[in-house]
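Asks: model this:
(one chain, ligands or ions: 1)
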Amino acid sequence: MIVIKGLSKTFNAGSVNEVRALRGVDLAVSAGQFVTIIGTNGSGKSTLLNAVAGAFRPDAGTIAIDGHDVTSQKDFQRAKYVSRVFQNPFSGTVPNMSIAENMHMASLRGRSATLRLGLNRRRRAQYRERVAALEMGLEDRLDSPIGTLSGGQRQALTLLMAVMTPPKVLLLDEHTAALDPKSAAQVIKLTEQFVGQGRLTAMMVTHSMRQALELGHRTIMMHRGQVIEDIPMAMKKRLGVDDLLDRFDALRRAEQLTDDLLDDLRRAYL
Ligand SMILES: Nc1ncnc2c1ncn2[C@@H]1O[C@H](COP(=O)(O)OP(=O)(O)OP(=O)(O)O)[C@@H](O)[C@H]1O
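Replies: Residues are numbered from 1 along each chain as shown. You can find the predicted model right below:
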């Protein structure tokens, strides 16, 4: 479903602030696969998701989604394939519009203007049913401005809206990191439910190694703009958080040394 080849991106090239955020990333994610992404700070996790979403044009490499080369497409052109949920629960929805209006906008994603339909009674009933399934009591607040909801409620709705028209690709960028533990757990439960039931192809960045191991079919680890570990389901089940921490420690030690050593390290992990 997603095929990334030789993807590179350098920010502020040629200046003192030059950052090689992605350095030749190769990654293939099959349809229905849920991949969790961990990595060191600044290793390029969000940049990888941004590249898939079309936030910028890469310096080198290609990205294909469902067989279409989207490398030169802008983000709005890819919106029909890609849904995103960000860390900030206040992005992705319009605060002074109601829950129903926000849901209606989300349901029209990727449709041509001529096909756009009004927010009629039948649609309201559908949205009510969807919102009720979140089990947050929001079905009685369909006309409340979304800005009046808590961060957790809003993020649950943002997630619901992201999957309402099932996307080819769902990108989750630390989407529970800004929530309190209880809300984060609720949103993770919904994530599992939506991705599982919809058999969605999903990439989720997380800083929680436990989350990374417990969720999804595969975990990749990034470091300095490269994928340095690719852990399949069978291995995920056997690994514990301590094992991942050991690997990060090894990286930290390698950091003092050379790229060649990092390559050796990668070979050793595979
Ligand atoms: N638009 C941009 N302009 C300049 N530099 C950027 C831009 N986006 C990302 N970077 C830099 O690229 C590198 C990779 O950033 P990215 O956000 O992808 O890392 P990350 O792995 O998601 O990090 P973290 O875990 O800390 O959130 C960092 O050094 C970051 O400062």
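Asks: C-alpha from now on. contacts and neighbour counts both.
Replies: Noted.
Asks: quick one: P167 and S83 touch, right?
Replies: Yes. The pair P167 and S83 passes the contact test of C-alpha atoms under 8 Å, sitting 6.0 Å apart.
Asks: so how far is the ligand from S150?
Replies: As for S150, its distance to the ligand is 23 Å (criterion: C-alpha to the nearest ligand atom, to the nearest Å).
Asks: Could you do A51 as well?
Replies: Separation of A51 from the ligand (C-alpha to the nearest ligand atom) stands at 10 Å.
Asks: mean confidence for the helix or strand containing that residue?
Replies: Secondary structure assignment for A51, by DSSP states H and E: helix 45-53. In this model, helix 45-53 carries a mean pLDDT of 97.
Asks: Output it in PDB with nothing but the alpha carbons.
Replies: Taking C-alpha atoms only, helix 45-53 is exported to PDB below (Å, rounded to 0.1, in the frame of the first residue of the first chain):
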ATOM      1  CA  LYS A  45       9.800  10.000  12.500                       C
ATOM      2  CA  SER A  46       7.500  13.000  12.000                       C
ATOM      3  CA  THR A  47       9.400  14.000   8.800                       C
ATOM      4  CA  LEU A  48       8.700  10.500   7.500                       C
ATOM      5  CA  LEU A  49       5.000  10.900   8.200                       C
ATOM      6  CA  ASN A  50       5.100  14.400   6.700                       C
ATOM      7  CA  ALA A  51       6.700  13.100   3.600                       C
ATOM      8  CA  VAL A  52       3.900  10.500   3.200                       C
ATOM      9  CA  ALA A  53       1.300  13.200   3.700                       C
END
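Asks: which other helices and strands contact it?
Replies: Applying 3 or more C-alpha pairs under 8 Å, 6 or more residues apart in numbering; DSSP states H and E, one finds that helix 45-53 contacts strand 19-29, strand 34-39, strand 169-173, strand 201-205.
Asks: Quickly note the distance from the nearest residue to D143 once chain neighbours are set aside to R84.
Replies: With C-alpha to C-alpha, 6 or more residues apart in numbering as the measure, S98 is the residue that lies nearest to D143, at 4.9 Å, once sequence neighbours are left out. Counting by C-alpha to C-alpha, to the nearest Å, the gap between S98 and R84 amounts to 20 Å.
Asks: May I have the residues that are in contact with R199?
Replies: With contacts defined as C-alpha atoms under 8 Å, 6 or more residues apart in numbering, the neighbours of R199 are G32, Q33.
Asks: how does it look with 10 Å?
Replies: Contacts of R199 were listed using C-alpha atoms under 10 Å, 6 or more residues apart in numbering, and they are A31, G32, Q33, F34, P166, K168, Q193.
Asks: so the fifth one, which of the three states?
Replies: What that stands for is P166. Of the three states, P166 takes coil according to DSSP: H, G, I helix; E, B strand; the rest coil.
Asks: can you count the residues close to it?
Replies: Residues within reach of P166, counting by other C-alpha atoms under 10 Å, total 20.
Asks: what's it in contact with, if anything?
Replies: Going by C-alpha under 10 Å, 6+ apart, the list of residues near P166 reads K80, Y81, V82, S83, S107, F194, V195, G198, R199, L200, T201.
Asks: I'm done for today, thanks for sticking with me.
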